[in-house]
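S.K.: attaching a predicted model along with its sequence, questions to come.
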Amino acid sequence: MTFIWGLKKSNDTVHYYLRKTGCVNGKPKVTMNIYLSTIDKIRQEIMAVEEKEILKTLNIDALVQN
């Protein structure tokens, strides 16, 4: 099973990880653990991608109209 897991640090910030669990020798174990970041940094990355997609769309529309 794959899920997003939040770990609260001592300074009250939550750090998020992408985790995958599975059975290893019949026992549940974490088989993958990827650090994602804090929620603020994740939001910044999403906004940056959305802005790039908007710019690409605007550029394509400008070319089609000419």
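M.R.: In hand now; what should we look at?
S.K.: any chance you could map the strands in the protein?
M.R.: Secondary structure of the chain (DSSP state E): strands located at 2-8, 14-24, 27-38.
S.K.: so what strands line up beside the first one?
M.R.: This means strand 2-8. strand 14-24 (antiparallel) (DSSP bridges).
S.K.: cool, the longest one as well?
M.R.: The strands that strand 27-38 pairs with in its sheet are strand 14-24 (antiparallel) (by DSSP bridges).
S.K.: which residues touch stretch 27-38?
M.R.: Contacts with stretch 27-38, where a contact means CB atoms under 8 Å, 6 or more residues apart in numbering, come from 2, 4, 13-24, 42, 45. Just so you know, the C-beta spots here come from the backbone N, C-alpha and C atoms, and that holds for glycine as well.
S.K.: mind giving me the PyMOL select for those, buried ones only?
M.R.: The buried subset of the contacts of stretch 27-38, as determined by 16 or more other CB atoms under 10 Å, is captured in PyMOL by this line:
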select buried, resi 16+17
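S.K.: so what's Tyr35 bridging to?
M.R.: Applying DSSP bridges to Tyr35 gives these bridge partners: Tyr17.
S.K.: could I get the strands of the chain as CSV with mean pLDDT and distance to Glu50?
M.R.: Output for the strands of the chain, formatted as CSV (pLDDT from 0 to 100; distance: least, CB to CB, whole Å):
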stretch, mean pLDDT, distance to Glu50
strand 2-8, 90, 20
strand 14-24, 93, 19
strand 27-38, 92, 17
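S.K.: so which of those strands gets nearest Glu51?
M.R.: Among those, strand 27-38 comes nearest to Glu51, with 18.3 Å by CB to CB.
S.K.: C-alpha coordinates for that closest one, CSV please?
M.R.: The C-alpha coordinates for strand 27-38 follow below in CSV (Å, rounded to 0.1, in the frame of the first residue of the first chain):
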residue,chain,number,x,y,z
LYS,A,27,6.0,-9.3,8.1
PRO,A,28,4.8,-5.8,7.2
LYS,A,29,7.7,-3.5,6.4
VAL,A,30,8.3,-0.1,4.9
THR,A,31,9.7,-0.8,1.4
MET,A,32,10.0,2.7,0.1
ASN,A,33,10.3,6.1,1.9
ILE,A,34,10.7,9.2,-0.2
TYR,A,35,10.9,12.7,1.4
LEU,A,36,8.5,15.2,-0.3
SER,A,37,8.9,18.3,1.9
THR,A,38,6.8,20.6,4.0
